[in-house]
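[1] turn this into a model:
(2 chains)
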Amino acid sequence: MAPLVELNHLKKYFKTPRGMVHAVDDVSMSIEKGQTMGVVGESGCGKTTLGRVLVHLEEATDGEMLFGGENMVDVRGEKLRAFRQRAQIIFQDPYSSLNPRYTVEQTIQEPLILSGRYKRKEIEQKTTELMNLVGIAQRLRLSYPHELDGGRRQRVGIARALALDPEFIVCDEPVSALDVSIQAQVLNLLQDLQEAKNLTYMFITHDLSVVRHISDHISVMYLGQLVETCESKELFLKPWHPYTKALLSAIPTTNIDKKMDRIILKGEITSPINPKPGCRFAARCIYAAEACKEPQQLREIEPNHFVSCCRVEEINELKA
Amino acid sequence: MSNEKYLEVKNLTVEYVTSEETVYAVNDVSFGIEKGKTLGLVGETGAGKTTIARSILRILPVPPAVVKGGEILLNGKNLMELPESEMCKVRGRDVTMIFQDPMTALNPTMRVGDQIAEVILHHENLSKKEGRKRAEEMLEMVGIPAERYEEYPHQFSGGMKQRVVIAIALACNPDLLLADEPTTALDVTIQAQVLEMMRDLHARKNMTMILITHDLGVVAEMCDDVAIVYGGEIVEMGTLRDIFKHPSHPYTVGLFGALPDLESDRHRLTPIEGLPIDPTLQITGCKFKPRCPYATEECGKAAVQAQELTPGHFCKCLYPRKEVR
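    Below is the predicted model of the structure:
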């Protein structure tokens, strides 16, 4: 089956007075219909930019973005409107992503009205359905965002994203701003909706336990590039890229009997402005060598397990 | 062990009173820490964790905050009764605090080094030059080259700002450190660096520490004892092992169930149903009752008293759970 979303060498650069920011640099991946691709990385690694490019909130600098086999990078006008009905986004911060002057009802109805597909009566009915679907009580129809708690606000954001029956949703850190008990409610809701509507998700987060829980595949990003991508379980069993290893070892676990061998990284993420060719992680990598100064390729080490590190076989004692 | 407590908080009650409503933030909270130990205060947003810490330092915003009662004994001395001038000497020297958000905790118009030197000069009779030297040592200790003394906070990344905040807190070798979500704003790899550093400093200086967090993983790594806070009350308290192996209060059990886990393949999480309580309501009985799957009529009748399940493991519930994690 052809994947629903396929990215080929996608790039997004931002021009700044100090030089070009390589926010997303040559990212390729594909997401099958009905599956969830988790994208993890630290702040500033370009994961949010990637998500925004995918739903056309930012224009890609270069590369291809195939959506159901059709390249969407340059779509404009009517075609872009049609695309936006199929691809939606749920934003990170439910405190700032809702219009404070819109009631719950207005927020959910806005896309329905703009689409021009529905009559007034259908809009009312659809709003009721959407509110039931995401679990917001009807009595809150006329409430404003400031009257709702974080979990309910995020549900409004989800209802708005679902309004036009999209096929693909970018979830940009949808639970990071929520408390643990509420976070679990929202994660379960996202899973239920996916099963009911066969939705395809790109799930962007910095929380590795959340991403493992919800994703089928995971891509690890570092400074705009993919360093490793594979099936979700596989990544936790065989983290092969040195950065993935460090990232996984840094997660504090609640298992008090298990002592992790922690890899403490030296230094911090370097600047994405005019990066040098070669491995971007090399400056912090304990395995860095001369060969790392050459540009790195994402290579398939095992079926469907891609790693961008020239020393991956050596480090992990794999057969070349 | 009870005689050796370095810090004891007894029956602390704090309310935020405005003309419109009263928020019952901290309700009759008591706990103690032995010298050199780390206590984790765990709870969700609005549970009252930060209010407890600020009460110890007496830096609550008054008004609207009103301390309705309670004692805070530091080495047997009641901080609540100290005159403000004495309290100023305690703050920064005996007790210090790391604030949650390193982006706003520093003064943006002041050189980072001077912000550290300020604390030292306030408490110790040193010349400016000596103060600067000590501040430079502190910078080096938290892993920032002393050459960066002259820089301003905006020139530092988030992790480095948090290191500066930690350096300020540790500048006068405090005996008690209150760390309010010290790593929440940081990335995991930076969090690992900062936790490692705090653990190291804690061991070297035999500091007593209260670590406020909502992250149970961080607690598992850093703490000796744990107190779970819900609705301004400590609902369960015990050693790390008590809480993580034998969580007894339904809320504690619920927290563990709601957490996605790196090691299990559960398809669904078990969220705690409902929403955190409205802290403006005065509730008789158990605050967790509306969300608790085990609640009965009995739970709402009178204030639930803490019972000691095993020595040192307290739980405020009529029907403590007995599962082993």
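
[2] alpha carbons only for contacts and neighbour counts from here, please
    Noted.

[3] buried ones in stretch B:10-23?
    For stretch B:10-23, a neighbour-count test (16 or more other Cα atoms under 10 Å in any protein chain shown) marks B:10-17, B:22-23 as buried.

[4] same deal with stretch B:117-133?
    For stretch B:117-133, by 16+ other Cα under 10 Å, it's B:117-121, B:131-132.

[5] hmm, who's touching that stretch?
    By Cα atoms under 8 Å, 6 or more residues apart in numbering or on different chains, the list of residues contacting stretch B:117-133 from outside reads B:89, B:92-93, B:113-114, B:134-135, B:168, B:171-172.

[6] can you tell me the element the closest residue to chain A within the stretch 151-300 of chain B falls in?
    Distances between the stretch 151-300 of chain B and chain A by Cα to the nearest Cα are smallest at residue B:217, namely 4.4 Å. Using DSSP states H and E, residue B:217 sits in helix B:216-222.

[7] contacts made by that helix with the rest, please.
    A:251-256, B:38, B:40, B:42, B:195, B:199, B:211, B:213, B:226, B:240, B:244.

[8] please export the C-alpha coordinates of the strand or helix carrying residue B:119 as CSV.
    Residue B:119 is part of helix B:112-123 when elements are defined by DSSP H and E. Coordinates of each C-alpha in helix B:112-123 appear next as CSV, following Å, rounded to 0.1, in the frame of the first residue of the first chain:
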residue,chain,number,x,y,z
VAL,B,112,25.0,37.1,35.8
GLY,B,113,28.2,37.1,38.0
ASP,B,114,27.0,40.1,39.9
GLN,B,115,23.7,38.4,40.6
ILE,B,116,25.6,35.7,42.4
ALA,B,117,28.0,38.1,44.2
GLU,B,118,25.0,40.1,45.4
VAL,B,119,23.9,37.2,47.7
ILE,B,120,27.4,36.6,49.0
LEU,B,121,28.0,40.3,49.8
HIS,B,122,24.6,40.5,51.5
HIS,B,123,25.4,37.7,54.0
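
[9] which parts of the stretch 151-300 of chain B sit against chain A?
    Contact residues, the stretch 151-300 of chain B versus chain A (Cα under 8 Å from any Cα of the partner chain): B:187-193, B:216-221, B:241, B:244, B:254-255, B:258-262, B:265-273, B:275.

[10] how about the helices in the chain?
    Just so you know, I chose chain A. For chain A, applying DSSP state H gives helices covering A:47-54, A:77-86, A:104-115, A:120-134, A:150-162, A:180-197, A:208-214, A:232-237, A:242-249, A:312-316.

[11] that's the other chain; I wanted chain B
    So, for chain B - with DSSP H - the helices run B:49-57, B:84-90, B:102-105, B:112-123, B:128-141, B:158-170, B:188-205, B:216-222, B:240-245, B:250-258.

[12] centre-most residue in the chain?
    Just going to use chain A. Geometric centre of chain A, nearest residue: residue A:204, 2.6 Å, by Cα atoms, centre = their mean.

[13] switch to chain B, that's the one I care about
    Residue closest to the average C-alpha location in chain B (Cα atoms, centre = their mean): residue B:212, at 2.7 Å.

[14] quick one, what contacts it?
    Counting by Cα under 8 Å, 6+ apart, residue B:212 touches B:40-42, B:49-50, B:178-181.

[15] same list (these) but as TSV, adding pLDDT, distance to residue A:101 and neighbour count.
    As requested, the contacts of residue B:212 are exported to TSV (pLDDT from 0 to 100; distance: Cα to Cα, whole Å; neighbours: other Cα atoms under 10 Å in any protein chain shown):
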residue	pLDDT	distance to residue A:101	neighbour count
B:40	93	40	28
B:41	93	37	27
B:42	92	35	24
B:49	88	32	28
B:50	88	31	22
B:178	92	39	24
B:179	91	37	23
B:180	89	34	21
B:181	86	32	21
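
[16] where in the chain is pLDDT low?
    Going with chain A. Applying pLDDT under 70 to chain A flags residues A:1, A:259-260, A:267-268, A:320.

[17] not quite, go with chain B.
    Within chain B, the stretches with pLDDT under 70 are B:1-3, B:264-266.

[18] can you list the domains in it?
    Domain segmentation of chain B under automatic domain parsing yields B:2-94+B:174-260+B:269-315, B:103-173.

[19] still on that earlier bit, next one: the helix holding residue B:217 to chain centre, how far?
    Put simply, helix B:216-222 sits 13 Å off its chain's centre (Cα atoms, centre = their mean, to the nearest Å).

[20] now do the buried residues in that helix.
    B:216, B:218-222.

[21] send me that helix as PDB with only the CA atoms.
    Presented in PDB, the C-alpha positions along helix B:216-222 are these (Å, rounded to 0.1, in the frame of the first residue of the first chain):
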ATOM      1  CA  LEU B 216       7.700  10.800  39.300                       C
ATOM      2  CA  GLY B 217      10.800   9.800  37.300                       C
ATOM      3  CA  VAL B 218      12.800  12.600  38.700                       C
ATOM      4  CA  VAL B 219      11.600  11.800  42.200                       C
ATOM      5  CA  ALA B 220      12.700   8.100  41.800                       C
ATOM      6  CA  GLU B 221      16.200   9.300  41.000                       C
ATOM      7  CA  MET B 222      16.700  12.100  43.600                       C
END
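
[22] wait, residue B:172 touches residue B:93, no?
    Yes - the criterion here is Cα atoms under 8 Å, and residue B:172 meets it with residue B:93 at 5.3 Å.

[23] want to throw the contacts of residue B:212 into JSON lines with distance to residue A:78?
    JSON lines is the format used below for the contacts of residue B:212 (distance: Cα to Cα, whole Å):
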{"residue": "B:40", "distance to residue A:78": "56"}
{"residue": "B:41", "distance to residue A:78": "55"}
{"residue": "B:42", "distance to residue A:78": "52"}
{"residue": "B:49", "distance to residue A:78": "52"}
{"residue": "B:50", "distance to residue A:78": "52"}
{"residue": "B:178", "distance to residue A:78": "57"}
{"residue": "B:179", "distance to residue A:78": "54"}
{"residue": "B:180", "distance to residue A:78": "51"}
{"residue": "B:181", "distance to residue A:78": "48"}
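
[24] which of the residues you listed fall within strands?
    B:40-42, B:178-180 (DSSP state E).

[25] now the residues you listed as CSV including distance to residue A:70?
    Below are those laid out as CSV (distance: Cα to Cα, whole Å):
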residue, distance to residue A:70
B:40, 53
B:41, 53
B:42, 50
B:178, 56
B:179, 52
B:180, 50
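
[26] quick check, nearest of these to residue A:168?
    residue B:42 (36.9 Å; Cα to Cα).

[27] what's the spacing between the closest one and residue A:108?
    In this view, residue B:42 and residue A:108 are 36 Å apart by Cα to Cα, to the nearest Å.

[28] all set, thanks.
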